[in-house]
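**Q** Starting from these lines, generate the structure:
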Amino acid sequence: MDCTAILTILKGYANPENVKGMARYGINPNNTLGVSIPTLRKIAKTTEKNHALALELWASGIHEAKILASFIDDPAFVTVEQLESWVLDFDSWDVCDQVCSNLFDKTPFAYEKAVSWSQREEEFVKRAGFVLMAALAVHDKKAGDEVFLNFFPMIKTGSADERNFVKKAVNWAIRQIGKRNMSLRQKAIAIATEIEATGTRPARWIARDALRELNRLK
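**A** You can find the predicted model right below:
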């Protein structure tokens, strides 16, 4: 299928009531059709990996088309320039999370961007850095502990950010790193304890929520 055909299918699933529900969960309703993730996955299965098609879908500006692009793009063809262009287009937490965990974390640039983006000021770019940390902790089964320990300084610094979409991603990164193995769990508990001791409001929430989950896993 070409881009026009896929967009026609997406628009056929449009559901304004779903858009209202999504907005209540903080999802940007602009250019949003209200198509569910399972439906997008079903559509993605009708086509093979296709980098050119993914670029066209992204360029449409439609919320669900962007998520669909992350399902069908081929990470082998994704460039640094594409990463930097797409991350600046993030305008909703779900697009950020889906693209980072379906596509960006499978590129050779994932670790580098996790570090650099986590230190950027733009809200969704910064969120993307921490989401990448979480996604890599889940998906990169061959990585050694050291690469995740290297994330902790950025995580500690990021824990002072008051913005909701950032602090939730920082929390997610701690929890997912801590769930990889016992050694990283102990280190994640230690960094969460340090974060809590900084005393800022976002740090306390991030740390206490992470500690509740990680301590249950002991």
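**Q** Just give the nearest non-adjacent residue to Asn181, would you?
**A** In space, not counting the residues next to it along the chain, Asn181 is nearest to Asp145; the distance is 7.3 Å by Cβ to Cβ, 6 or more residues apart in numbering. Using the backbone N, CA and C atoms, a C-beta is placed for each residue, glycine as well.
**Q** so who does that neighbour touch?
**A** Asp145 makes contact with Arg180, Asn181, Ser183, Leu184, Lys187 under the criterion Cβ atoms under 8 Å, 6 or more residues apart in numbering.
**Q** Would you format those as CSV with secondary structure included?
**A** Below are the contacts of Asp145 laid out as CSV (DSSP: H, G, I helix; E, B strand; the rest coil):
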residue, secondary structure
Arg180, coil
Asn181, coil
Ser183, helix
Leu184, helix
Lys187, helix
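**Q** and those, which are buried?
**A** For the contacts of Asp145, a neighbour count by 16 or more other Cβ atoms under 10 Å gives the buried set as Arg180, Leu184, Lys187.
**Q** quick one: the second one from Leu211, how far?
**A** Leu184 sits 15 Å away from Leu211, taking Cβ to Cβ, to the nearest Å as the criterion.
**Q** Check the last one too.
**A** According to Cβ to Cβ, Lys187 and Leu211 sit 13 Å apart.
**Q** again with Tyr13
**A** Using Cβ to Cβ, one obtains 41 Å as the distance from Tyr13 to Leu211.
**Q** Need the contact partners of stretch 21-30.
**A** Surrounding stretch 21-30, the residues in contact under the criterion Cβ under 8 Å, 6+ apart are Val19, Lys20, Thr32, Gly34, His63, Asp91, Ser92, Trp93, Asp94, Val95, Asn164, Phe165.
**Q** how about the helices in this protein?
**A** Applying DSSP state H to the chain gives helices spanning 3-12, 16-24, 37-44, 51-59, 63-72, 80-89, 93-102, 110-117, 123-139, 145-149, 152-158, 164-178, 182-197, 201-216.
**Q** Using neighbour counts, pick out the buried residues of the second one.
**A** In other words, helix 16-24. Residues Asn18, Val19, Met22 are the ones in helix 16-24 that count as buried (16+ other Cβ under 10 Å).
**Q** would you list those residues in a markdown table and tack on pLDDT and distance to Phe104?
**A** Converted to a markdown table, these look like this (pLDDT from 0 to 100; distance: Cβ to Cβ, whole Å):
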| residue | pLDDT | distance to Phe104 |
| --- | --- | --- |
| Asn18 | 94 | 26 |
| Val19 | 96 | 25 |
| Met22 | 95 | 22 |
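**Q** Dump the residues you listed into a markdown table; add distance to Val87 as well.
**A** Formatted as a markdown table, the entries for the buried residues of helix 16-24 read as follows, by distance: Cβ to Cβ, whole Å:
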| residue | distance to Val87 |
| --- | --- |
| Asn18 | 26 |
| Val19 | 24 |
| Met22 | 21 |
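**Q** Perfect, I'm done here.
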